[in-house]
Every structure is written in structure tokens, then in C-alpha cells.
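I'll drop the sequence and a predicted model, then ask my questions.
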Amino acid sequence: KNEVEQSPQNLTAQEGEFITINCSYSVGISALHWLQQHPGGGIVSLFMLSSGKKKHGRLIATINIQEKHSSLHITASHPRDSAVYICAVRERDTGNQFYFGTGTSLTVIP
Amino acid sequence: SQTIHQWPATLVQPVGSPLSLECTVEGTSNPNLYWYRQAAGRGLQLLFYSVGIGQISSEVPQNLSASRPQDRQFILSSKKLLLSDSGFYLCAWSQGRLRDESPLHFGNGTRLTVT
């Protein structure tokens, strides 16, 4: 059983569409991270949150600690948003381990 | 500012040959360091993590090993590579537990092909 589940696995959208990627986790966490991986392979951190909501440009991340669920929203999607989006959680007990979802591959068509 | 360097970017090695991938972090002290492997189309698999010099935790039994000879240096090694070792290897760092809200920073990765 995976500690972190993401959906959908693959997502194709038309430019301008509103996009939602979901993440559920089963362990106690101290923080949840949304990561972006471009085709070249490099991974960058988009958000780190432990409660509520964060916004950066067209990206919004929310978390519901009680329901162990987070969502990443992209408003007015653009082809440059095409990437793999990965949800990761930092486990609470030792704080030394991260668990990762398998990622959501997003393609935004012009 | 903090930076993480990982090299080489790509590597093609024959089966049975040794491996050494190096990762260094600048601009911070006593980071938690991680080695992950990402197989094609799959999620990140934790291989090793370290919370301090000489302290290595292994998550997956394999023919790989890791060492942390200095505070900000993390090395992934193998004495004899297997075909199944092919993949994309990523080094990462974060602050330790006392700073649970520290981001996870990744190196640019090493694409290893074992032939």
C-alpha cells in the first residue's frame, strides 16, 4: 500500500482550462510538498504546506489535515505547465523520511 | 544561498563495473541528505538517507551503498552494477527534524544506463 496516492495519473487539458490534481496520504505528516518535474528530469519544489492554502501565481495548493487530502490547482493553464506533478509528505514521527506519490503527468495543449 | 550539485548528469556503464555518484550541498550545515531512484514511469524510491556524517540508513536491500564522508557530501556507490540499476538517480537535501517545514531540494539528477 502506498503512503501517498495521487490522481489522476495522466491529464490532458486545453490551454486556459482549470486543472486539479489530488493527493491523499495515510501517514501522520509534518508537511506536504508539491513538486514539479520537467521532461529533463530536474525536480523543483512548488509548495510546502502544513495547513490551509497557499497561492503562487496561477498555482494554488490546499490541504485538509483531518481528511489527509491535498489538491493542487492550476488556473488558466498554459503549455509551459506541462510536466509531472508529484505530491510528497514528510512523515511526522522522525521527520527524516519523505513519501512520494507516483506523479500526475500533465499535458496542456495549445 | 543554498545550492546542491550532483554529477555526472549522464552515465553509461557496463554490467559489472563500479559506480560512484557524488552530491554536494553548499550554503547550509548538517542537512539531511537523500538518494532516490526513479525508474521510467514510476515514482521516487528512497535508497538511502543520512542525518549526519557517517550515519546512513538504507531502505532497500540492493547492491548499492552510500557514504557521507563530510557534512555536505553524499556518495552513492556500487562495486558491480547490474542491468536493473539503470534509472534516474536524484540527490536531495532538507533541514533536519527540528525544521520540519524545510523544503526538499533536489539535484539535477544522474541518468544511469547499465549496458
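Thanks, I have it. These numbers were taken from a predicted model, which means no experiment stands behind them.

which residue is nearest the centroid of chain B?
Taking Cα atoms, centre = their mean, the centroid of chain B lies closest to B:Trp35, which sits 2.7 Å from it.

was I right about it contacting B:Ile56?
No: in this structure, B:Trp35 is not within contact of B:Ile56 by Cβ atoms under 8 Å, at 9.6 Å. Where you see a C-beta, it was placed from the backbone N, CA and C, and this is true even at glycine.

Quickly list what's touching both of the two.
B:Phe48, B:Tyr49, B:Ala66 (Cβ atoms under 8 Å, 6 or more residues apart in numbering or on different chains).

quick one: low-confidence parts of chain A?
Scanning chain A for pLDDT under 70 picks out A:1.

SS state for the residue of chain A found nearest chain B?
Closest to chain B within chain A is A:Gly95: 3.2 Å, counting by Cβ to the nearest Cβ. Under DSSP: H, G, I helix; E, B strand; the rest coil, A:Gly95 falls in the coil class.

Could I get the phi/psi values of B:Leu83?
Torsion angles at B:Leu83 (phi, psi; degrees, to the nearest 10) stand at phi -60, psi -40.

Which residue lies closest in space to it, excluding its sequence neighbours?
Counting by Cβ to Cβ, 6 or more residues apart in numbering or on different chains, B:Val114 is the residue found nearest to B:Leu83 once chain neighbours are left out, at 5.2 Å.

isn't B:Val15 right up against B:Val114?
Yes: the pair B:Val15 / B:Val114 is scored as a contact, 5.8 Å apart, by Cβ under 8 Å.

quick one on the thing from earlier: just give me the closest of the shared contacts of B:Trp35 and B:Ile56 to A:Thr75.
Within the shared contacts of B:Trp35 and B:Ile56, the smallest distance to A:Thr75 is 35.5 Å, found for B:Tyr49 (Cβ to Cβ).

Next, work out how far apart that closest one and B:Ser1 are.
23 Å (Cβ to Cβ, to the nearest Å).

Wondering if stretch A:32-50 reaches chain B at all.
Yes: interface with chain B: stretch A:32-50 contributes A:His33, A:Leu35, A:Gly40, A:Gly41, A:Gly42, A:Ile43, A:Val44, A:Ser45, A:Met48, A:Ser50 (Cβ under 8 Å from any Cβ of the partner chain).

ok, the closest residue to B:Leu64 other than its chain neighbours - contacts?
Leaving aside its sequence neighbours, B:Leu64 sits nearest to B:Ser78 (Cβ to Cβ, 6+ apart; 5.1 Å). The contact partners of B:Ser78, by Cβ under 8 Å, 6+ apart, come to B:Pro18, B:Leu19, B:Asn63, B:Leu64, B:Ser65, B:Asp85.

who's in contact with the third one?
B:Asn63 is in contact with B:Ser78, B:Lys79, B:Lys80, B:Leu81, B:Leu82, B:Asp85, counting by Cβ under 8 Å, 6+ apart.
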